[in-house]
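A.B. asks: need a structure here:
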Amino acid sequence: MLAGLLRITTEGMPRRVVFKRTSLVFCQVIIFNLVATPFLVNIFEASSFDEAPRLSETFPKPASYINHTSSRVFANHLQMHYNASSLPPQARYYRDRVNFIDVMRTPVSVADCTHPSTLLGGILGVVYFPSDAKQAVLDCICANVSCHVVPRSWHFTVVTKPVSTSVLWIVPGDDSLNVESTAWTVYYAYVPDVNRLWQTEKSMYRLIVGLAILARLFRSYGIHVLRLRSNLQQFPFHATSTAVRYEIELGDPTCIITADPWLCVAFLIDIWATTEIIGQACLRMCQMDDLVSYGLAILCLGRTVWCSFGALVIVNSLRRWSPNLRLYPPLNSTILVLLAYIIAALLPLAQSQWPPLVEVYTWLFSIVRTFDEEGQTVTLDNVFVMIVYLLSMCAMPFGVGIAQDLWRKLHRRLYPKQRVSPSKFHTKLATQSLGKPRIRRHSRGSKGRIKNSRVASHWFHAKSSVSEYIDSTFRAPSATDGVFHGDGTLGELFRLNPLVRVQATLSQRGISCRVRGYDSQDTLVDDARVHLISQIDTKQIRLFQSQDSQAAVGVLVLLLGDTEKLEVVLHRGRLNSPWIIS
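C.D. replies: Numbers count the residues shown, from 1 in each chain. Next up is the predicted model:
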């Protein structure tokens, strides 16, 4: 009686609806980050608006085609630019910000010749050395062979297109300390290709991708959030709500972008278009002298998390053709991003310290290579290394799923719980809340008829009234807190039929919003999550839609027909609301 009077009193009154300020700021930061993500790699590349680098007459340009002569000439020119007099004292790693060249130097003692693999493993950049260059370094330091054959340069290519040039030379003494000794100093320079036209084209491509992300967010999330606010201003949250003002807590729309197959493809194209930057980032990860460069490299390699997102999108599509495909619970995209950064921070550095793995990379680089007339390597192809690295990132989410599964099994073994029959448990729960579970006969019009359907009341939570679900209304909760918290029907639907999820591999919980309603006494009376209907694949269930709801958002009703087949009734909110209480 009191609830009815309150509903009549508040009906027709405009309701004040605001967004929670912290969630609004958080959502705006996330949107800005998503739109700016395509441009993250620009901090590594030469800007197409800056003065062109490497135009000085004293600075040589690498030859487009390397032979034995040009290989040595380019190495000798770089040796004149980067030496003990031009580099900072004791610096083992130097980043030339003007010419976009990374230079590494490593003092090597003759005493290390007893362990050649250890000697080579300690040289910065050795992972990019071809086998003949490694042998030349060993012969120079350990076998007293003339070192004039060591200076050389070679291209890294993607198929046939050169993307970077590596340069190697060696000088006697410890050059970092500028003293003569029994040591040698091995210099290695990484010179990424700089093409003004190519940089401009990539910048335009990233601008298009950024705008596509912004449009996707506005179309799939922003418009729906504005409609939710508009509906709450005009209609009650649910049929028995006594709230006079609402507060909307926005979610994290990242999962909308990470689950978009076309955007995943767009980022993978950009990754393959910047293999020279990936190589430069991996090189910076092999040193700890310049921590700023190390941090920037983590950001660059973190972009490869899009391989993980792409793999999950593919698996999500495959389950349509293979319903029995075993899937792990949906993964959180934020966790995957953090793991990608952790892997980027630790994996290259750890691999560079393990000589057998360095040899594996040398072999992968050398699968496709060319030689000059003297038998020295002048080109290496990085396609196979890129494939291995990107496939490992594709496998990362499945490793996470296996780890989570093992953890759950271990937790159940360590902390066993008494097993209760699900039907008995839910029936007991419903009896405590609603009295004896009732069978509700529900009939509809000739089209979409549901005859003699009985409501499986044990599917609903204790705070829901089954009969009032059918009538698209809610009974005031009888819980001690006196607050309506929703019913969890959507989660139960996903559990009963996993194929109902549009996206079953990446968690979409982030895009849900939390609605809090307060009555005239400023007391919290509603606190529930709402979810987008678009996350339900209606082709996988028998869905009957109803427009008889008087609430701002819709509700779901699970029915079990005479054939024991799951049927779902969707009572849409007013003005064809895209939201349902989850």
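
A.B. asks: may I see the buried residues of stretch 18-27?
C.D. replies: F19, K20, S23, C27 (16 or more other C-beta atoms under 10 Å). Heads up, the C-betas are built off the backbone N, CA and C, glycines and all.

A.B. asks: wait, stretch 350-369
C.D. replies: Q351, S352, P355, V358, E359, Y361, T362, L364, F365, R369.

A.B. asks: repeat for stretch 489-506
C.D. replies: So, applying 16+ other C-beta under 10 Å, buried residues of stretch 489-506: T489, L490, E492, L493, F494, V500, R501, Q503, A504, T505, L506.

A.B. asks: closest to R320 among those residues?
C.D. replies: A504 (10.0 Å; C-beta to C-beta).

A.B. asks: about what we covered before: got JSON lines for the buried residues of stretch 350-369, with secondary structure, distance to C286 and pLDDT too?
C.D. replies: Below are these laid out as JSON lines (DSSP: H, G, I helix; E, B strand; the rest coil; distance: C-beta to C-beta, whole Å; pLDDT from 0 to 100):
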{"residue": "Q351", "secondary structure": "helix", "distance to C286": "8", "pLDDT": "78"}
{"residue": "S352", "secondary structure": "helix", "distance to C286": "4", "pLDDT": "77"}
{"residue": "P355", "secondary structure": "helix", "distance to C286": "13", "pLDDT": "79"}
{"residue": "V358", "secondary structure": "helix", "distance to C286": "10", "pLDDT": "82"}
{"residue": "E359", "secondary structure": "helix", "distance to C286": "15", "pLDDT": "85"}
{"residue": "Y361", "secondary structure": "helix", "distance to C286": "11", "pLDDT": "86"}
{"residue": "T362", "secondary structure": "helix", "distance to C286": "14", "pLDDT": "86"}
{"residue": "L364", "secondary structure": "helix", "distance to C286": "16", "pLDDT": "90"}
{"residue": "F365", "secondary structure": "helix", "distance to C286": "15", "pLDDT": "90"}
{"residue": "R369", "secondary structure": "strand", "distance to C286": "22", "pLDDT": "88"}
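
A.B. asks: quick check on F129: phi, psi?
C.D. replies: phi -80, psi 140 (degrees, to the nearest 10).

A.B. asks: so what's it up against?
C.D. replies: L120, I123, V137, S166, L168, Y188, T362 (C-beta atoms under 8 Å, 6 or more residues apart in numbering).

A.B. asks: for I402, same thing?
C.D. replies: Y328.

A.B. asks: any idea of the pLDDT on it?
C.D. replies: I402 is assigned 87 on the pLDDT scale.

A.B. asks: now the one 4 residues further on
C.D. replies: Looking at L406, its pLDDT stands at 87.

A.B. asks: tell me the spacing between the closest residue to L24 other than its chain neighbours and I43.
C.D. replies: Nearest residue to L24, sequence neighbours excluded (C-beta to C-beta, 6 or more residues apart in numbering): L250, at 6.0 Å. As for L250, its distance to I43 is 29 Å (criterion: C-beta to C-beta, to the nearest Å).

A.B. asks: please say which of the two ends up with more neighbours.
C.D. replies: Between L250 and I43, counting by other C-beta atoms under 10 Å, L250 is the more crowded of the two (23 against 11).

A.B. asks: mind listing what's buried along stretch 215-230?
C.D. replies: Buried residues in stretch 215-230 (16+ other C-beta under 10 Å): R216, L217, S220, Y221, G222, H224, V225, R227, L228, R229.

A.B. asks: could you do stretch 117-126 as well?
C.D. replies: Those would be L119, L120, G121, G122, I123, L124, G125, V126, for stretch 117-126 by 16+ other C-beta under 10 Å.

A.B. asks: all helices of the stretch 201-350 of the chain, in order?
C.D. replies: For the stretch 201-350 of the chain, the helices defined by DSSP state H, counting those that start in this stretch occupy 223-234, 254-258, 261-273, 275-284, 291-301, 305-321, 333-352.

A.B. asks: so how far is the third one off the chain centroid?
C.D. replies: Its chain's average C-alpha position is 13 Å from that of helix 261-273, according to C-alpha atoms, centre = their mean, to the nearest Å.

A.B. asks: ok, the buried residues of stretch 117-126 vs Q90, which is closest?
C.D. replies: Nearest to Q90 among the buried residues of stretch 117-126, with distances taken as C-beta to C-beta, is L124, at 14.0 Å.

A.B. asks: ok, that closest one touching Y188?
C.D. replies: Yes: between L124 and Y188 there is a contact under C-beta atoms under 8 Å: 6.4 Å.

A.B. asks: tell me, how many residues neighbour W321?
C.D. replies: W321 has 7 nearby residues by other C-beta under 10 Å.

A.B. asks: okay, it and L124: tell me how far apart.
C.D. replies: For W321, the distance to L124 - C-beta to C-beta - is 48 Å.

A.B. asks: again, but for A91
C.D. replies: 11 Å.

A.B. asks: overlap of the contact sets of those two?
C.D. replies: R105.

A.B. asks: now the strands for the stretch 401-550 of the chain?
C.D. replies: In the stretch 401-550 of the chain, the segments counted as strands under DSSP state E, counting those that start in this stretch are 513-518, 524-532, 542-546.

A.B. asks: my guess is A36 meets L211, correct?
C.D. replies: No: in this structure A36 lies outside contact range of L211 using C-beta under 8 Å: 11.9 Å.

A.B. asks: checking my notes, V145 in a helix, right?
C.D. replies: No: counting by DSSP: H, G, I helix; E, B strand; the rest coil, V145 is not found in a helix; it is coil.

A.B. asks: low-confidence stretches in this structure?
C.D. replies: Counting by pLDDT under 70, the chain contains low-confidence ranges at 1-14, 46-61, 63, 176-182, 417-488, 547-548, 560-566.

A.B. asks: distance check, P192 against I277.
C.D. replies: Distance from P192 to I277, by C-beta to C-beta: 7 Å.

A.B. asks: the more surrounded of the two?
C.D. replies: Neighbour tally, P192 and I277, criterion other C-beta under 10 Å: the higher count belongs to I277, 23 against 20.

A.B. asks: distance-wise, check that one relative to H155.
C.D. replies: 16 Å.

A.B. asks: quick one: residues contacting R15.
C.D. replies: Here R15 is in contact with L232, Q233, Q234, P236, A243, V244, R245, Y246 (criterion: C-beta under 8 Å, 6+ apart).

A.B. asks: next one: it from R227, what distance?
C.D. replies: 15 Å.

A.B. asks: same check, this time on W184
C.D. replies: Distance from W184 to R227, by C-beta to C-beta: 70 Å.

A.B. asks: again, but for M288
C.D. replies: M288 is 51 Å from R227, by C-beta to C-beta.

A.B. asks: ditto for V186
C.D. replies: 64 Å.

A.B. asks: with C255 instead?
C.D. replies: On the measure of C-beta to C-beta, C255 and R227 end up 20 Å apart.

A.B. asks: alright, calling it a day.
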